[in-house]
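Engineer: curious how this folds, go ahead:
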Amino acid sequence: MPTSVPGSKPGAGWLRGPGRTRGFTIVELLIVIAVVAVAVSLVAVALPDGEAAKLDEEGERLIALLETARAESRVSGAPVIWLPGSTGESGQALSDLQGRPVHFRFVGVPAQAGLPSRWLDARVVAQVVGAPSVVLGPSAILRAQRIVLGLEGRRIELFTDGLSPFAVATEPGDAAVLPNATPR
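Structural biologist: This next block holds a predicted model:
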């Protein structure tokens with residue numbers, strides 16, 4: 001019985017003569033390359049867009065902050081107003097206690113509530129549609145309100161009909177145009 005040990009008959013198993021091995025054919029190599037290319041393209045399509053993910057995160061965070069401030073307003077019985085932007089009524093740039101610029105602010109919420117005043121990504125811009133600010137209470141029913149957030153050519157809209165909580169708009173409404181903002 002031929003084996004692959006030295007001294008056995010040549011041609012046994014995968015050996016074809018002394019010291020020669022069979023390699024891959026060009027067709028086999030091309031098939032492997034094609035499979036790898038398809039796998040890489042599927043992974044690239046599945047990866048989320050980094051800027052869109054950041055904007056979605058900022059939107060969800062702002063919704064949580066707005067609903068927290070809305071609840072605080074209803075509990076205290078005092079109105080709470082959300083103002084986008086980093087300048088005060090006098091036009092001067094606002095800064096927090098650490099000296100960092102303020103991106104938005106809640107007026108009427110006690111400092112103990114600890115609501116933030118900065119975006120996670122400083123490039124985010126916000127604009128309230130049809131008003132300079134968002135009124136968050138103390139009434140249980142508010143007017144319908146819309147906020148547009150933009151980041152690097154992308155935008156999302158947050159809205160409330162006045163009764164339900166804020167949510168991300170699934171269909172674009174008649175939102176204000178932000179600089180360098182295009183629908184996703």
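
Engineer: and the residue sitting nearest the centre point of the chain, which of the three is it?
Structural biologist: Centroid-nearest residue in the chain: residue 53, 2.2 Å away (criterion: C-alpha atoms, centre = their mean). Under DSSP: H, G, I helix; E, B strand; the rest coil, residue 53 falls in the helix class.

Engineer: check the gap between it and residue 94 for me.
Structural biologist: From residue 53 over to residue 94 the distance is 28 Å, taken as C-beta to C-beta, to the nearest Å. For glycine as for every other residue, the C-beta is placed from the backbone atoms N, C-alpha and C.

Engineer: please apply the same query to residue 83.
Structural biologist: Going from residue 83 to residue 94 by C-beta to C-beta gives 10 Å.

Engineer: give me the common contacts of those two.
Structural biologist: Common contacts of residue 83 and residue 94 (C-beta atoms under 8 Å, 6 or more residues apart in numbering): residue 105.

Engineer: so where's the protein uncertain?
Structural biologist: For the chain, the stretches flagged by pLDDT under 70 are 1-21, 48, 86-93, 95-97, 171-184.

Engineer: quick one, what contacts the residue nearest to residue 113 when sequence neighbours are not counted?
Structural biologist: Leaving aside its chain neighbours, residue 113 sits nearest to residue 72 (5.9 Å; criterion: C-beta to C-beta, 6 or more residues apart in numbering). Shown in contact with residue 72 (C-beta under 8 Å, 6+ apart): 80, 109-110, 113.

Engineer: how about residue 126?
Structural biologist: 62, 84-85, 103-104, 147-150.

Engineer: helix, strand or coil for it?
Structural biologist: At residue 126 the chain is in strand, as set by three-state DSSP.

Engineer: try residue 73
Structural biologist: Classification of residue 73 using three-state DSSP returns helix.

Engineer: tell me the bridge partners for the residue lying closest to residue 123 once chain neighbours are set aside.
Structural biologist: Of all residues beyond its chain neighbours, the one nearest residue 123 is residue 151 (5.7 Å), with distances taken as C-beta to C-beta, 6+ apart. Following DSSP bridges, residue 151 is listed with bridge partners residue 154.
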